[in-house]
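Chemist: got a predicted structure plus its sequence, pasted below:
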Amino acid sequence: MIHQVEPRSLPMLEVLRYARHGDATDLEIDGYLNYHFMTAAPGHDWPKMMLERGINPSAMVAGPDSPRRPVIAIRSSPWKAGQTSNPWHDEFDLDHGHVRYFGDHKPSTVGPPGATAGNKALLDAWQFHAGSTAAERALAPPLLLFRSATVHRDGRRLVKGHIEFCGVAIIERLEHVVQRDPDSPRSFPNLQLDLAVVQLAPTGDTLDMRWIDDRRDPELDVVTSARHAPAAWQRWVSGGRSAIPRVRRRVMSSRVQAPADQLPEPGTTDAATLDRLHRFFDGRKHAFELLASRVAAQVLGGSGAVYQEGWLTRAGGDGGMDFVGRLDVGTPTSNTPLVVLGQAKCVAPSTSISPDQVARVVARLRRGWIGVFVTTGTSPDRHKSK
């Protein structure tokens, strides 16, 4: 039986609420998408896809044609880097579709790098990711990448309970390395993986979670289980290693002013106005989105074109798009309408918006569309953020 379900789209770079004992009932928790809702397959009573470890392989399914591991969820915790429990530093360069990830072997682990359940799952997956045929690569479990996110809620800084979705990855390279324990002169073996993050732009930089549902369904064969797979993943399955440069995620960037040059001079009327705007709209996200839409209308309308305000997206879970408009370029009798997608972020004026947040807007643009990012902070200094 093939189960048909409504699509659940997981936005790239979206922060989700991850509650260890949470359930899949509610779409949102505390204003964030509920991880357990997004990863639970409707109509199935399968085990939860937990993220309690760095490497979280799902259980194998038999499948009518061949056994397969549906998915491996990877969680990186930057705030733990350098500690005994996590002595390595993972590297995320999502603009260029590359992640360097270290396995879960620790200084206290006895045995070779494959002695832990996580590393063993990655070694097993590697044989399929490095497969020489499309049939082998079709069995490769996709790696869903997450990293812990720090959020501020109710005046508190929370380093636990929230994760950011960083995309789907292919194992491009796997090596055995020797690492050093930061608390002693001891060295220990581990795995080092170079991961290629695939392009999700054709689907608005979102992942259709029905693909993962299908891969977990033991009633579906491997071909049917790929019906909702990203186009980039399917091209890699077909073309193999040579296709990776064509399916890797890449975000175009342009030059921007340094953050100091974007802010008004301290002590001026403009600086005071910006501070008042931030204090007034802080915590009133939807109200700030309306203001951002009006700002976009004034700026773009002042270019000589005609700007038509569209609508605001629903509060919460907007997938990186807060308002939509239209810019009519040309004369009244001969004009070209351009779709405008906008994102709004009310942050402290001294705060710099991360490149990944801007990339989310860029990834949703189609040919001829315009992206607008309105913020009380500053846009990233590319030279300093790399």
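Modeler: The structure has been received and is ready for your questions. Residues are numbered from 1 along each chain as shown.
Chemist: pLDDT on stretch 263-271, on average?
Modeler: Mean pLDDT, stretch 263-271: 89.
Chemist: contacting residues around it?
Modeler: Here stretch 263-271 makes contact (C-beta atoms under 8 Å, 6 or more residues apart in numbering) with L274, P349, T378. Heads up, the C-betas are built off the backbone N, CA and C, glycines and all.
Chemist: now do it: distance to the chain's middle.
Modeler: Here stretch 263-271 is found 35 Å from its chain centre; the criterion is C-alpha atoms, centre = their mean, to the nearest Å.
Chemist: name the residues of it that are buried.
Modeler: L263 (16 or more other C-beta atoms under 10 Å).
Chemist: and that stretch, how far apart are its ends?
Modeler: 8 Å (C-alpha to C-alpha, to the nearest Å).
Chemist: out of the contacts of stretch 263-271, who has the most neighbours?
Modeler: In terms of neighbour count, T378 stands highest of the contacts of stretch 263-271 at 20 neighbours, by other C-beta atoms under 10 Å.
Chemist: so what pLDDT did that residue get?
Modeler: 88.
Chemist: and T84, by the same measure?
Modeler: T84 is given a pLDDT of 49.
Chemist: all helices of this protein, in order?
Modeler: 35-39, 117-129, 134-138, 210-216, 231-239, 244-247, 259-262, 269-281, 285-301, 355-363, 382-385 (DSSP state H).
Chemist: how close does the nearest residue to S148 once chain neighbours are set aside sit to A149?
Modeler: Distances taken as C-beta to C-beta, 6 or more residues apart in numbering place S77 nearest to S148, at 4.4 Å, with adjacent residues excluded. Applying C-beta to C-beta, to the nearest Å, the value for S77 to A149 is 10 Å.
Chemist: between those two, which one's more packed in?
Modeler: The neighbour count for S77 versus A149, taken as other C-beta under 10 Å, is higher for A149 (22 against 18).
Chemist: how about low-confidence regions in the stretch 151-300 of the chain?
Modeler: By pLDDT under 70, the low-scoring segments of the stretch 151-300 of the chain are 252-256.
Chemist: follow-up on the earlier one: quickly name whichever of the contacts of stretch 263-271 is closest to P47.
Modeler: Minimum distance to P47 across the contacts of stretch 263-271 is 43.9 Å, recorded for T378 (C-beta to C-beta).
Chemist: got the contacts of stretch 263-271 as a markdown table, with distance to L143 columns?
Modeler: Formatted as a markdown table, the contacts of stretch 263-271 follow (distance: C-beta to C-beta, whole Å):
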| residue | distance to L143 |
| --- | --- |
| L274 | 41 |
| P349 | 38 |
| T378 | 33 |
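Chemist: the inter-axis angle of the strand ranked longest in the chain versus helix 117-129?
Modeler: Determined from DSSP state E, the single longest strand within the chain is strand 162-180. Strand 162-180 runs at 90 degrees relative to helix 117-129, counting by axes from the mean of the first three to the mean of the last three C-alpha atoms, to 10 degrees.
Chemist: so what's A73 up against?
Modeler: Contact analysis of A73 by C-beta under 8 Å, 6+ apart lists M49, M50, L51, N56, P57, S58, L143, L144, F146.
Chemist: tell me what it is bridged to.
Modeler: Under DSSP bridges, the beta-bridge partners of A73 are N56, L144.
Chemist: ok, now how distant is it from L341?
Modeler: In terms of C-beta to C-beta, A73 sits 29 Å off from L341.
Chemist: could you do N56 as well?
Modeler: 33 Å.
Chemist: what's the domain layout of this structure?
Modeler: 9-247, 259-385 (automatic domain parsing).
Chemist: pick the most deeply packed of these.
Modeler: When those are scored by mean count of other C-beta atoms under 10 Å, the highest mean neighbour count falls to domain 9-247 (a mean of 18).
Chemist: surely S354 touches T378?
Modeler: No - look at S354 against T378 with C-beta atoms under 8 Å: they stay out of range, at 11.0 Å.
Chemist: which residues does the closest residue to A62 other than its chain neighbours contact?
Modeler: In this structure, A62 finds its nearest non-sequential neighbour in P218, 5.2 Å apart by C-beta to C-beta, 6+ apart. Listed by C-beta under 8 Å, 6+ apart, the contact partners of P218 are V61, A62, G63, P64.
Chemist: so what's the third one up against?
Modeler: Going back to what we said before, that points to G63. G63 touches P218, L220, D221, V222, S225, counting by C-beta under 8 Å, 6+ apart.
Chemist: hmm, back to that, for the contacts of stretch 263-271, which one is nearest R367?
Modeler: Checking the contacts of stretch 263-271 one by one against R367 (C-beta to C-beta), the nearest turns out to be T378, at 28.7 Å.
Chemist: centre of the chain to stretch 126-145, how far?
Modeler: Taking C-alpha atoms, centre = their mean, one finds the center of stretch 126-145 at 21 Å from the center of the full chain.
Chemist: quick one: L365 and V340 touch, right?
Modeler: No - between L365 and V340 there is no contact, the gap being 9.8 Å when judged by C-beta under 8 Å.
Chemist: if I pick R173, what's in contact with it?
Modeler: Contacts for R173 were tallied using C-beta under 8 Å, 6+ apart; they are L193, D194.
Chemist: I'd like the distance between it and L193.
Modeler: Using C-beta to C-beta, R173 is found at 7 Å from L193.
Chemist: that older thread, overlap of the contact sets of L365 and V340?
Modeler: G371.
Chemist: would you map the strands across the stretch 1-150 of the chain?
Modeler: 9-11, 15-17, 28-29, 32-34, 55-57, 72-76, 91-93, 98-102, 143-148 (DSSP state E, counting those that start in this stretch).
Chemist: kindly reformat those strands as a markdown table containing mean pLDDT and distance to A296.
Modeler: Shown next, in a markdown table, are the strands of the stretch 1-150 of the chain (pLDDT from 0 to 100; distance: least, C-beta to C-beta, whole Å):
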| stretch | mean pLDDT | distance to A296 |
| --- | --- | --- |
| strand 9-11 | 93 | 21 |
| strand 15-17 | 94 | 24 |
| strand 28-29 | 92 | 26 |
| strand 32-34 | 93 | 25 |
| strand 55-57 | 98 | 41 |
| strand 72-76 | 97 | 35 |
| strand 91-93 | 93 | 30 |
| strand 98-102 | 96 | 33 |
| strand 143-148 | 97 | 31 |
